[in-house]
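Visitor: Sequence isn't available, so here's the structure alone:
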């Protein structure tokens, strides 16, 4: 994991380099599915858990709301590659997946919950690795995923569905322009700071974002699953703002081990009118040093 890392504070941090889709063909083949290049700096691949049927407080959770494993790769000017991801697994899958990570030198930097009481029992783990061989990192991740029920990519395009939500109202309430996936409507914010992890500058929007997913429930109502990125001095103001808005706190934790500035994250849950939920979330976002990001 620590290839290319430096003693913090002794050298200039290593910076990511711009790439094109052609640079990532070996990763696509190793992972067995396509991804997409984000802002020319990191390659992102989703692994939605369409195989899972999860109920949270009576809501059937879609992969877009909270069951979307994903991994990103970024290349650096020292020739190394960073792999960082957030993966979904059942409680029964977690031990074997952990063993696979350890066998391939992939660090787990968090193991926690994104949802309150739900069935069956699902866990989430954040992973991180640095190395000179991007394909080796991808194959290690694939080995871990192969120990779970993560399904292969679907054949053909899924039909796009119109979301039964007032998306313009959500945008106005949160002060950003979100994006619909057919399952959920997502609004995203990124930290303004430059975040450094193990001596490597994280590409903007990777590992330091706040996200709000709205899953329509009919009649303008939605289930909200979100995640806010904070520094320590922001945490209490954010938690207080969320609770004033009637939003439930699920977890307060870290996603990384060596990030600077040190980031904390809180996962949230709520059900109600979608625009009202967005209005309730706005003060919490405003309490952080973040800016809207186009999804």
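Guide: Now that the structure is in, tell me what you want to look at. Just so you know, these numbers come straight off a predicted model, no measurement behind them.

Visitor: Give me the distance between the residue nearest the centre of the chain and residue 23.
Guide: In the chain, the C-alpha nearest the mean C-alpha coordinate belongs to residue 86, at 5.7 Å (Cα atoms, centre = their mean). Applying Cβ to Cβ, to the nearest Å, the value for residue 86 to residue 23 is 23 Å. Bear in mind the C-beta positions are built from the backbone N, C-alpha and C, glycine included.

Visitor: try residue 12
Guide: Counting by Cβ to Cβ - residue 12 and residue 23 are separated by 24 Å.

Visitor: need the contact list for the residue nearest to the centre of the chain.
Guide: 69, 70, 71, 124, 125, 126, 127, 255 (Cβ atoms under 8 Å, 6 or more residues apart in numbering).

Visitor: mind listing which of those residues are in strands?
Guide: When strands are assigned by DSSP state E, the members of the contacts of residue 86 inside them are 69, 70, 71, 124, 125, 126, 127.

Visitor: Dump those residues into TSV; add pLDDT as well.
Guide: Formatted as TSV, the ones in strands among the contacts of residue 86 follow (pLDDT from 0 to 100):
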residue	pLDDT
69	96
70	97
71	98
124	98
125	98
126	98
127	98
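
Visitor: Among those residues, pick out the one closest to residue 204, please.
Guide: For the ones in strands among the contacts of residue 86, the residue nearest residue 204 by Cβ to Cβ is residue 70; the value is 16.9 Å.

Visitor: who's that closest one bridged to?
Guide: Note on residue 70: beta-bridge partners by DSSP bridges are residue 46, residue 86.

Visitor: Contacts only, for it.
Guide: Contacts of residue 70 by Cβ under 8 Å, 6+ apart are 44, 45, 46, 47, 85, 86, 87.

Visitor: same deal with residue 223?
Guide: 56, 59, 61, 65, 214, 215, 217, 269, 270, 271.

Visitor: Which element, helix or strand, includes the fifth one?
Guide: Taking DSSP states H and E as the criterion, the element that holds residue 214 is strand 209-218.
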